[in-house]
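Undergrad: Coordinates only, no sequence provided:
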């Protein structure tokens with residue numbers, strides 16, 4: 001683990017190109033980087049953090065709003081984690097974990113009660129995520145047990161079910 005001098009901080013103006021590079025390298029394609037750019041441009045980046053070491057951005061995480069709806073109600077708002085990316089040569093060093101921990105702490109501080117993620121269960125369950133299906137919630141994209149939820153405020157999902165709908169930017173991932 002080489003977390004020496006890695007700083008987690010909010011994204012700031014001028015970070016865009018480095019964030020794009022991290023996402024493209026981590027996912028091996030431009031789709032997720034395009035989602036980040038589109039969410040930022042639309043003002044739909046609830047939280048965006050980078051991991052920086054020696055002036056280089058080595059990781060990134062973004063949270064954006066989602067809507068949870070059932071046919072019989074108007075729905076409610078939550079946030080989704082994703083994408084989260086770490087440069088391939090830096091994965092396994094704890095950078096992604098630090099980004100997730102900081103992001104969830106900031107979500108909690110902002111009063112966010114629920115965070116959804118579509119990701120690797122072996123990774124995200126370490127941070128309190130469980131399959132959203134346990135609460136009768138699914139995603140417009142499916143995902144099975146990889147579609148998970150972290151409840152940041154006790155009882156926040158009591159009596160709530162439905163499907164999670166993401167910002168339009170996610171529909172363009174290729």
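TA: Yes, it's here. Small disclaimer: the values here were computed from a predicted structure and weren't measured.

Undergrad: Which pLDDT does the model give the most far-flung residue of the chain relative to its centre?
TA: Distance from the C-alpha centroid of the chain peaks at residue 72, with 27.7 Å (Cα atoms, centre = their mean). pLDDT recorded at residue 72 is 70.

Undergrad: So it: helix, strand or coil?
TA: coil (DSSP: H, G, I helix; E, B strand; the rest coil).

Undergrad: how near is it to residue 134?
TA: 21 Å (Cβ to Cβ, to the nearest Å). Backbone N, C-alpha and C define where each C-beta goes, glycine included.

Undergrad: same thing with residue 12?
TA: 37 Å.

Undergrad: same question, residue 62
TA: 25 Å.

Undergrad: neighbour-wise, which of those two wins?
TA: More neighbours surround residue 62 than the other of residue 62 and residue 134, with 27 against 11 (other Cβ atoms under 10 Å).

Undergrad: So what pairs up with that one in the strands?
TA: residue 48 (DSSP bridges).

Undergrad: my guess is it contacts residue 82, does it?
TA: Yes: if you go by Cβ atoms under 8 Å, residue 62 and residue 82 touch, sitting 6.8 Å apart.

Undergrad: Show me where this structure has its strands.
TA: 6-10, 47-53, 56-69, 76-86, 114-118, 130-131, 137-139, 147-151, 162-165 (DSSP state E).

Undergrad: how far off strand 56-69 does the second one point, in degrees?
TA: Same thing as strand 47-53. Going by axes from the mean of the first three to the mean of the last three Cα atoms, to 10 degrees, strand 47-53 is angled at 160 degrees with respect to strand 56-69.

Undergrad: burial measure for the residue nearest to residue 32 when sequence neighbours are not counted, as a count.
TA: With sequence-adjacent residues excluded and distances taken as Cβ to Cβ, 6 or more residues apart in numbering, residue 32 is closest to residue 83, at 4.1 Å. If you count neighbours by other Cβ under 10 Å, residue 83 ends up with 25.
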